[in-house]
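Student: Here is my input, please return the structure:
(one chain, ligands or ions: 1)
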Amino acid sequence: MNLRRFAGLMLAALMALSWIPKRAMAAELLQETGEKVVVVIDPGHGGSNLGTTANGHEEKSMTLVTALAMYDELLLYDGIEVYLTRTQDKDMTLKERAQFAESVEADFLFSIHYNASEQHDAYGAEVWVPMHAPYSTYGYQFGYEALTNFRELGLLVRGIKTRPGEKGLDYYGILRESVALEVPAVIIEHCHVDEAHDAGFCDSEEKLQLLGRRDAAAVARYFGLKSSALNVDYSDREAADTGDEAWLNALLNARTAPELCQISYVDADYEEGLLTLSVSGSDSDSGLLYYSYSIDGGETFSGRESWPGGDGLTGAYQKEFTLMLNIPPGLRPVVVVRAYNGFDIGTESNPYESPMIFPFPPEPEDSRPEQAEDPEPEAAPEKFEDLDMLIAIVMFTIAIVLSMMLALQIVEAKRRKKRRQRYLQNIEREIAMEKEAADRRRYRYSQNRESPNGRQYSRQTEDWGRSRYYQSRNEDG
Ligand SMILES: [Zn+2]
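Tutor: Residues are numbered from 1 along each chain as shown. Sure, this is the predicted structure:
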């Protein structure tokens, strides 16, 4: 009878609820550098090349703000030489940027970008790396630092990826041109400017600067730098383990759709209008990152939600989770779920067609003995055989374990949300403090000058940026 089937289903669900273990940080840095590390920061786009303009943003200006903050922060470390490909809003080809990096004998070029997706539904941070070794492995080890940082901020981690173009070369020009000149390079896509999950991370100059400082910290960790000014020392940090070649290749080069997305009925509460389904999915190479659902048979879909446990950095994701849907009254839902991987490729599930319209009309207790789909223990027939009794006990235990695991997940999700809120509050506080300090500085400045002139002041800071840029250029020659 269906009691036994239910017990089997619960057992299967329990077994599927296992996490793929995360990779340990336990390797040496693969890249070798001289005594002094030479870093080039490349603010993406510029001049007539605006970058993304979604949501009233202008990527070329955002990248410059982040890059300048990254530059300032990196100067606080010992044993590093830092350059910018541009400090002005000007056109510059990708080849020119790579050539500049080569001319200063850069150990690494970091290209700074902000993202937007065609459907405005993707969110999170990602790092694009060159396709071929050793640049792919350097990129992976740096990407691990950068994305670990972003994950701590509460951003979804979309992964470290490659994108092939023509003739077996990299699709992204800045990677292709840099690698051609033997300069290791990555593209850092900080977050999506056109999606609500990410909007709070890039909606002010101060937040763009904070991301730049995070980038600097990732660079410092990657190269194992130390700074007495910041009181940090990363010299004995461990680099990310690139694991076995096949694993890394699969992670960096996955471009196939998720292999599976499947849904099955768990429970329906017609009075509350709640439909509970079990969703399972798999993507053996890049992992699962998002899902969306439709209750009208696939005509319209919800926005994307994070796939539980989904982490583009490790490829980990939960094999199966419980999805609770609010069903409006009067609807007979036909549910379809889409599972997406880190390459934004989606796979659609089987449809689940509700046998009844929501809400289920209240009815006398005795009129529905056998048609009850919901396999609650009390709905089972009275006379148990011994085996059925045993199964009931096992099933009950499993149900308790499952609900405890679900509760744990909810707690973890809450903690993540709280962490993000705390981060945003910290930003607000830091911004306020910085503003105050800036006011004070300006006041002091105007006092010194006796004739305050805001315009002159801002001109001066611009020159200051430029002169530092040339200064570090000269140091090298
Ligand atoms: Zn860009």
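Student: contacting residues for whichever residue of the chain sits closest to the ion?
Tutor: Proximity to the ion, evaluated over the chain using Cβ to the ion, is greatest for His113 at 3.5 Å. (Glycine included, C-beta is placed from N, CA and C.) Counting by Cβ atoms under 8 Å, 6 or more residues apart in numbering, His113 touches 44-45, 51, 59, 63, 187-190.
Student: now, which of those lie close to the ion?
Tutor: 44, 51 (Cβ under 5 Å from the ion).
Student: any chance of the contacts of His113 in JSON lines, with distance to Asn253 and pLDDT too?
Tutor: Formatted as JSON lines, those follow (distance: Cβ to Cβ, whole Å; pLDDT from 0 to 100):
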{"residue": "Gly44", "distance to Asn253": "23", "pLDDT": "98"}
{"residue": "His45", "distance to Asn253": "27", "pLDDT": "97"}
{"residue": "Gly51", "distance to Asn253": "26", "pLDDT": "96"}
{"residue": "Glu59", "distance to Asn253": "27", "pLDDT": "97"}
{"residue": "Thr63", "distance to Asn253": "27", "pLDDT": "98"}
{"residue": "Ile187", "distance to Asn253": "16", "pLDDT": "98"}
{"residue": "Ile188", "distance to Asn253": "19", "pLDDT": "98"}
{"residue": "Glu189", "distance to Asn253": "18", "pLDDT": "98"}
{"residue": "His190", "distance to Asn253": "23", "pLDDT": "97"}
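Student: Relative to Gly224, which of the contacts of His113 is nearest.
Tutor: Closest approach to Gly224 among the contacts of His113 (Cβ to Cβ): Ile188, at 19.3 Å.
Student: which ones are touching that closest one?
Tutor: Contacts of Ile188 by Cβ under 8 Å, 6+ apart are 110-113, 125, 127, 146, 215.
Student: One more: Gly168?
Tutor: Counting by Cβ under 8 Å, 6+ apart, Gly168 has contacts Met131.
Student: Just after the helix or strand containing Gly139, pick out the following helix or strand.
Tutor: Using DSSP states H and E, Gly139 maps to helix 135-153. Using DSSP H and E, the next helix or strand after helix 135-153 towards the C-terminus is strand 157-161.
Student: Give me the sheet partners of that following strand and which way each runs.
Tutor: Sheet pairing of strand 157-161 (DSSP bridges) gives strand 125-128 (parallel).
Student: Give me the residues contacting the strand it pairs with.
Tutor: Here strand 125-128 has contacts from 115, 139, 142-143, 146-147, 150, 155-163, 172, 175, 186-191, 312, 342, using Cβ under 8 Å, 6+ apart.
Student: re earlier: out of the contacts of Ile188, the closest to Ala67 would be?
Tutor: Nearest to Ala67 among the contacts of Ile188, with distances taken as Cβ to Cβ, is Ile112, at 4.8 Å.
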